[in-house]
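S.K.: Predicted model and sequence below, questions to follow.
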Amino acid sequence: MSFFEVNNLNVSYGAIKAVKGISFQVNQGEIVSLIGANGAGKTTTLHTISGLLHPNEGTIQFAGQDITKSSPSQIVTNGISQVPEGRHVFSGLSVMENLQMGAFLRHDHDSLQADYEKVFSHFPVLKERKNQDAATLSGGEQQMLAMGRALMAHPKLLLLDEPSMGLAPLFIKEIFEIIQQIQSEGTTILLIEQNARKALSIADRGYVLETGKITMTGRGRDLLNDSAIKKAYLGG
Amino acid sequence: MEELIQQLFNGVFLGSIYALLALGYTMVYGIIGLINFAHGDVYMIGAFIGFFLITNLHLNFWVTLILTMGMCALVGMLIEFLAYRPLRHHGAPKITSLITAIGVSFLLENGMSFLFGGDSRSFPQAIKLVNFKIGFIHITNIQLLILIVSIALMVLLQFVVQKTKMGRAMRAVSVDQEAANIVGIKVDQTISFTFAIGSALAGAAGVLIGLYYNSLDPLMGMAPGIKSFIAAVFGGIGSIPGAAIGGWLIGLIETLTFTLGISSWKDAVVYAVLIVVLLVRPNGIFGKKAGEKV
Ligand SMILES: Nc1ncnc2c1ncn2[C@@H]1O[C@H](COP(=O)(O)OP(=O)(O)OP(=O)(O)O)[C@@H](O)[C@H]1O
Ligand SMILES: [Mg+2]
C-alpha cells in the first residue's frame, strides 16, 4: 500500500457530480502534481481529503489508515495539512496568530519554537511582519503565510491548492523553490495547479484531471513532453 | 446639574447590564451571523436560577452568581445544540435561523410562564442594601457591585478572546469557517463555547438586575433583550468593545431622558440616537467597514 492512496473517489454537490471515480497514489517523499482546468474537480478532491466534504463512494488511505470518514481535525492530527486555494488567511489576526492557528492541535509545545524559526527561515518576510494584521499582507505574502500556517501543523503530507494563483512571476518562482525545499526536508507534497508547466517541472509524478476523471498519469518530465498535454495545458 | 450628574451615574450602572447582554448578542452574531433573539430570555432564566438558588438553597450572592453563570452557559449550549446547529448543518438560510431564534424566545417565555406563572416575584435581598453618599451623589452598594462585576467580566472576556487558545479559535471561526476547519479547529465546539460564554454573561446580568430591581418575571428579558441588541448595533455588531460602549451609551440615554423630564419618550430617544449614529457610521461605532469581513 502506498503512503497516501485515493481509490475510486466520487464526490457530488447535490446532483452535480464533481469528482467521478478517481484513484491516485502519492509515495512518501514525492511531489505529486494534479493538474487540470477550471472546474475539473481539483479543489473538490483536496477538500474531500481534508474532510471538509464527504465522498459518496471511495476510500482515502494515509499511512496505512483509512481516513475516509475522519473529521478535519483528526486528519490534521494524522499529519495532513492543506494550503487552501485563495490563501484563506485569518484577517484581523496577526501574522503570528495565524501561525499559531496552524499549530492549533499540537501539544508538543517544546518543539514549536523551532518550527516557528523554520517557517521564518523559509519566509523571512513573515518575521518582519509578525505583528501585522494578516489582511494587510500582499497576495504573495498571504500565500507564504498560508503555507507557513500549514507547516506549523508539522504535516507529513502537505496539500497545496494553486499556490501560484494570482502571483507575479518572481513570486511564483520563489514559491516553487520553497516547495522543493519543503520536500527536501522530508515532507511529501500533493500539488494542485493550473500552471501545469511549473507544477510538472518540479513534480516526481503527475496526474491530469478532466471534468472529474483522471485521464493521464506519468512522471513529471514525461508529461511535460507529452504532445497532448503540451497542446491542452502548456499552450502548444 | 446635581440631578444630571446623579442620572449619569445611574446610567452607567444600568448600562453595565445592557453591556453584559450586548456582548452575548455581538459574539454570537460575530461567529455565526445570527441575531439570537432568545438571548434576552437566557438573562431571564438567569434571574430565575438566581432566585431559586438564593430562596430555596440559601446560597450566598457570589456562589449564586457563579452557579447561575455556569447553568446559563449550559442553557445557551443546549439552545445552540438543539435549535441552531441542525439548521446550520443543513445549510438552512439565515432567515430560517432567525425565525427559529424568535421561536426559541417565545418557547422560553411561555414555557417559564407555564411552569412558574406569569406573575412578577420579588427577588430576595442576598446582599443588604447600603446607601452611600459621595459628595451629592447617592450610590448603593448594589450599584457598585453591578459596575465592578460587569467590568471584571468584560476584562475577563477580553482576556479570553485575545489571549487564550479558545479565544483565538473563536476569532478564527468568526473570520473564516472554512480555514478554521482546515487548520483543525473544531468549529461546532467553538460555536458552542461562544454561546456558553455569552449566556454566562447574560446569566450574570440576570442575577445582578434581580438584585437591583428586586423583581423578576418570565417576560423580563424582552425589553432589555431588544435594547442590548440595539447596544450591540450601536457599537458595531461583532465588536466586543463596541458592545460594551453601546451598552453604557443606552444606559446613559435612558437615564438622561428622566432628567430632561421626557422619560416616556426614552425608547424613542434611544432609536433616534441609533438612527443618527448609523447615518454617520453605518456599521456602528466600532464596526468594520462592510466587505472587510471575508
Ligand atoms: N459548493 C459547490 N456547489 C455546487 N457545485 C460546486 C461547488 N463547488 C464546486 N462545484 C462544482 O464542482 C466542479 C468542480 O469544482 P472544483 O472547485 O473542484 O474545481 P477546480 O478544479 O478546483 O477548479 P479551479 O481551477 O477553478 O479552482 C465545478 O463544476 C464546480 O462548478
Ligand atoms: Mg480549485
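M.R.: Okay, I see it. Numbers count the residues shown, from 1 in each chain, chains lettered A, B, ... in the order given. Ligands and ions are numbered 1, 2, ... in the order given.

S.K.: Helix, strand, or coil at residue A:159?
M.R.: Recorded secondary structure, residue A:159: strand (DSSP: H, G, I helix; E, B strand; the rest coil).

S.K.: what bridges to it?
M.R.: As for beta bridges, residue A:159 partners with residue A:82, residue A:190 under DSSP bridges.

S.K.: how close does it get to residue A:60?
M.R.: Distance, residue A:159 to residue A:60, using C-beta to C-beta, to the nearest Å: 12 Å. (Each C-beta comes from the backbone N, C-alpha and C, glycine too.)

S.K.: cool, residue B:166 as well?
M.R.: 30 Å.

S.K.: Compare those two (neighbour count), which wins?
M.R.: More crowded of residue B:166 and residue A:60, by other C-beta atoms under 10 Å in any protein chain shown: residue A:60, with 23 against 14.

S.K.: what about that one, which helix or strand?
M.R.: Following DSSP states H and E, one finds residue A:60 within strand A:57-62.

S.K.: strand partners of that strand, parallel vs antiparallel please.
M.R.: Each strand that pairs with strand A:57-62, with its direction, by DSSP bridges: strand A:4-13 (antiparallel), strand A:65-66 (antiparallel).

S.K.: So which of these is nearest ligand 1?
M.R.: Across the strands paired with strand A:57-62, the minimum distance to ligand 1, taken as C-beta to the nearest ligand atom, is reached by strand A:4-13, at 3.3 Å.

S.K.: Is ligand 2 within reach of that closest one?
M.R.: No: Strand A:4-13 lies out of reach of ligand 2 by C-beta under 5 Å from the ion, never closer than 13.0 Å.

S.K.: I'd assumed residue B:73 was in contact with residue B:197.
M.R.: Yes: in this structure, residue B:197 is within contact of residue B:73 by C-beta atoms under 8 Å, at 7.2 Å.

S.K.: quick revisit: would you mind finding the most buried of the strands paired with strand A:57-62?
M.R.: Ranked by mean neighbour count, the strands paired with strand A:57-62 are led by strand A:4-13 with a mean of 18 (mean count of other C-beta atoms under 10 Å in any protein chain shown).

S.K.: Return the distance of the residue of chain B found nearest ligand 1 relative to ligand 2.
M.R.: In chain B, the residue that lies nearest ligand 1 is residue B:91 (9.9 Å; C-beta to the nearest ligand atom). As judged by C-beta to the ion, to the nearest Å, residue B:91 and ligand 2 stand 20 Å apart.

S.K.: Show the model's pLDDT score for that residue.
M.R.: With respect to pLDDT, residue B:91 scores 87.

S.K.: Residue B:289 now?
M.R.: Note for residue B:289: predicted pLDDT of 52.

S.K.: dump the residue contacts of the residue in chain B positioned nearest to chain A.
M.R.: Distances between chain B and chain A by C-beta to the nearest C-beta are smallest at residue B:184, namely 3.4 Å. Counting by C-beta atoms under 8 Å, 6 or more residues apart in numbering or on different chains, residue B:184 makes contact with A:72, A:73, A:75, A:76, A:77, A:104, A:105, A:153.

S.K.: same thing but 7 Å
M.R.: Residues near residue B:184 by C-beta atoms under 7 Å, 6 or more residues apart in numbering or on different chains: A:72, A:73, A:76, A:77, A:104, A:105, A:153.

S.K.: Just give the closest residue to residue A:123, not the sequence neighbours.
M.R.: Leaving aside its chain neighbours, residue A:123 sits nearest to residue A:144 (4.3 Å; criterion: C-beta to C-beta, 6 or more residues apart in numbering or on different chains).

S.K.: Which positions in the helix or strand where that neighbour lies come out as buried?
M.R.: Assigned by DSSP H and E, residue A:144 belongs to helix A:139-151. By neighbour count with 16 or more other C-beta atoms under 10 Å in any protein chain shown, helix A:139-151 contains the buried residues A:140, A:141, A:142, A:143, A:144, A:145, A:146, A:147, A:148, A:149, A:150, A:151.

S.K.: follow-up on the earlier one: surely the residue nearest to residue A:123 meets residue A:128?
M.R.: No: under the criterion of C-beta atoms under 7 Å, residue A:144 is not in contact with residue A:128, lying 11.4 Å apart.

S.K.: most centrally placed residue in chain A?
M.R.: For chain A, the residue sitting closest to the mean C-alpha position, by C-alpha atoms, centre = their mean, is residue A:160 at 1.6 Å.

S.K.: Looks like that residue contacts residue A:191 (just checking).
M.R.: Yes: contact criterion C-beta under 7 Å: residue A:160 and residue A:191 qualify, at 4.9 Å.

S.K.: For these two, list the residues in contact with both.
M.R.: residue A:179.

S.K.: residues in contact with the closest residue to the residue of chain B closest to chain A other than its chain neighbours?
M.R.: Nearest-residue entry for residue B:184: residue A:76, 3.4 Å, with adjacent residues in sequence omitted and distances by C-beta to C-beta, 6+ apart. Residue A:76 sits next to A:105, A:153, B:183, B:184 when contact means C-beta under 7 Å, 6+ apart.
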